[in-house]
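One predicted model, sequence on top.
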Amino acid sequence: MGPAPTSAGPAPTGGGGFSLALDGEGVILFIAFCVLVGAFILAGGYLVYEAPVILAETLFEFSLASLLLKKLKREEQGDWLGHLFKLTWKPFAGGLVVTLIFAALVASLRPHAERLPDLWAEKPAVTE
């Protein structure tokens with residue numbers, strides 16, 4: 001047997017993977033982003049879990065109001081939309097608060113960021 005053939009191409013470097021080289025501010029932003037995603041997952045999960053109860057209560061209230069108050073004007077009928085709002089405002093408010101906190105944190109720590117990957121990039125050098 002002859003000698004084994006050798007590869008003429010460059011040796012693989014192994015640098016093709018995803019890397020998060022984060023500084024102190026980057027770690028804070030990454031944790032804040034995870035909290036934001038977690039808050040939306042929890043709010044969505046709560047709404048999905050409570051959806052049968054929310055829909056049943058809203059349907060019952062709407063049906064009862066339309067049957068009992070059929071002769072009244074439309075403005076005076078049952079407040080089923082208000083009841084629905086009362087049952088669902090907390091998850092939406094929580095998501096809004098977490099989103100606003102995350103946005104303020106991003107604006108103060110990474111004002112140059114226009115997209116999500118820009119949060120993990122190094123800060124650009126300030127040129128005057």
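Arrived safely, thanks for sending. Computed from a predicted structure; not experimentally measured. Residues are numbered from 1 along each chain as shown.

Run through this structure and note the low-pLDDT ranges.
Within the chain, the stretches with pLDDT under 70 are 1-22, 64-78, 80, 122-128.

Would you indicate which residues of stretch 30-48 are buried?
Residues of stretch 30-48 classed as buried: 32, 33, 36, 39, 43 (neighbour count, 16 or more other Cβ atoms under 10 Å). Bear in mind the C-beta positions are built from the backbone N, C-alpha and C, glycine included.

Is the first one within a helix or a strand, and which one?
The one in question is residue 32. helix 24-68 (DSSP states H and E).

Of the buried residues of stretch 30-48, just say which sits nearest to residue 97.
Among the buried residues of stretch 30-48, residue 39 lies closest to residue 97 (Cβ to Cβ), at 8.5 Å.

can you tell me how far that closest one sits from residue 63?
Plainly put, residue 39 is 34 Å away from residue 63 if you go by Cβ to Cβ, to the nearest Å.

Fine, thanks again, bye for now.
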